[in-house]
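Visitor: Quick check, what structure comes out for this input:
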Amino acid sequence: MVLFVGLSSLVFGAYTLLVLISRVLLCDIDPGHDYVKRHALTALACIWLSWDLNNYLWLRWIMDVVAVVNAYSCHSMVIRGNGYTSVSLKGKVAIVTGANNGIGLETARQLAKQGAHVVFACRSKERAEAAIKSVAKSVGASAATLQFLPLDLADSKSIRAFADLFRKSKLPLDILVNNAGVNYYKRETTADGHERVFGINHLGPFLLTNLLLPTLLKSDAPRIVNVGSCLMKFANAIPFDDLMTKKHSYGNGLYTYNWSKLANYLFTLELHRRYGDKHNLTATCVHPGLVISNMQDNMHPAFAFVAKYLSVLRPLVLQTAEAGAHSPVFAAISPALKGGEYVERCEVVEPAPALKNDRAAKRLWDISCNLTDWKK
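Guide: Modelled structure (predicted):
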């Protein structure tokens, strides 16, 4: 039995370090954050002391207990993430794109739970209706507070048709969550001929947002939540000379995904500049966390292969969709937000100065207007 004393320190200490190191390398968390340093130092101390204190069996038991508690605390903070304070959204109307699965579904569920009328903006009617039934059953929302409207962000005709249908519904609009996003390893194009990742992740939400703005700005406290990603930190800049990625026709997926997520942030900055103070609009860009999803299926074949066969380990190192929805919902309801911010784990985080580029944000807006035939 004595041989197993110290094993928990090694196993749980190593797990804590694995979670922290992987998250830091992927820019999911700041290495200088207090809880990162605290959990890392505790894990290292437990590993070292549990084997160094050979003559003090009781102290090694204590180190085992500390390692377990530290690992659980790390998992709660990093994997499960922070929560938010619920508010009443009764009388509020929210649109969530890509609400039939993953983060979008859980965002819709949590908004509905607080009383919002939620519009599921999705391509598949069948999957959207199944999602609506799931939400209605879990939160007790009536069918009148949940509805589906068809939307394909890869097709400008579908986007315009969605906006027309919503206007004809005579519903107000208080919250728009631009959640839907994709990643593709091979270069593909949208119905409008744009590179597919850029088209769905940025151009589609750009056009949709502008079409809905007249209705949204009538709200007393309009909110736009652009679901981005920490991977934008790997993008040096928007490649304005190659937005259709014709120079990267094969294997461009993660490259394009990274800067398309930077485009989400720049879009947020420009929305805030144009409408923040003048119309009381709160536009926020959100990193939901590294969440369990099927997005890796469309990424590099090697990555998809590894992800498939290590899927059993995902719950140990990745967040659930429910936890991933916390930050988008926080951005949709928190009175503390002023607009133009970047949120991670329900906290405002300041991106690197190189990413916060107002000139690039305005340039992206103007180019997006031209590509979507939208007035500047």
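Visitor: Quick check, central residue of the chain?
Guide: residue 288 (3.1 Å; Cα atoms, centre = their mean).
Visitor: is it true that that residue touches residue 325?
Guide: Yes: here residue 288 reaches residue 325: they are 6.9 Å apart, a contact under Cβ atoms under 8 Å. For the C-beta atoms, the positions are set from N, CA and C on the backbone; glycine is no exception.
Visitor: what touches both of those two?
Guide: Here residue 288 and residue 325 have residue 103 as joint contacts, going by Cβ atoms under 8 Å, 6 or more residues apart in numbering.
Visitor: Which residue, other than its chain neighbours, is closest to the residue nearest to the centre of the chain?
Guide: Residue nearest to residue 288 in three dimensions, not counting chain neighbours: residue 324, with 4.0 Å by Cβ to Cβ, 6 or more residues apart in numbering.
Visitor: contacting residues for the one you found?
Guide: By Cβ under 8 Å, 6+ apart, the residues touching residue 324 are 81, 102, 103, 106, 288, 289, 291.
Visitor: Spell out for me the PyMOL command that would select the buried members of those residues.
Guide: Entered in PyMOL, the line below selects the buried ones among the contacts of residue 324, by 16 or more other Cβ atoms under 10 Å:
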select buried, resi 81+102+103+106+288+289+291
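Visitor: In helices, which of the contacts of residue 324 fall?
Guide: 102, 103, 106 (DSSP state H).
Visitor: and residue 161, what is it in contact with?
Guide: Applying Cβ under 8 Å, 6+ apart, the residues contacting residue 161 are residue 150.
Visitor: Please apply the same query to residue 70.
Guide: Counting by Cβ under 8 Å, 6+ apart, the residues that residue 70 touches are 12, 13, 16, 39, 42, 43, 46.
Visitor: in which helix or strand would I find the nearest residue to it once chain neighbours are set aside?
Guide: With sequence-adjacent residues excluded and distances taken as Cβ to Cβ, 6+ apart, residue 70 is closest to residue 42, at 4.5 Å. Per DSSP states H and E: residue 42 is located in helix 34-52.
Visitor: Tell me the helices and strands packed up against that helix.
Guide: Counting contacts by 3 or more Cβ pairs under 8 Å, 6 or more residues apart in numbering; DSSP states H and E, helix 34-52 packs against helix 7-25, helix 57-74.
Visitor: Take those helices and lay them out in CSV including mean pLDDT and distance to residue 165.
Guide: Output for the helices and strands packed on helix 34-52, formatted as CSV (pLDDT from 0 to 100; distance: least, Cβ to Cβ, whole Å):
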stretch, mean pLDDT, distance to residue 165
helix 7-25, 89, 41
helix 57-74, 86, 46
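Visitor: which residues does residue 282 contact?
Guide: By Cβ under 8 Å, 6+ apart, the contact set of residue 282 is 221, 222, 223, 224, 276, 337, 338, 339.
Visitor: What count of nearby residues applies to the residue lying closest to it once chain neighbours are set aside?
Guide: Spatially, and ignoring its direct neighbours in sequence, residue 282 is nearest to residue 339 (4.4 Å; Cβ to Cβ, 6+ apart). When neighbours are counted by other Cβ atoms under 10 Å, residue 339 registers 19.
Visitor: Please tell me how far residue 339 sits from residue 150.
Guide: Between residue 339 and residue 150 the computed distance is 30 Å (Cβ to Cβ, to the nearest Å).
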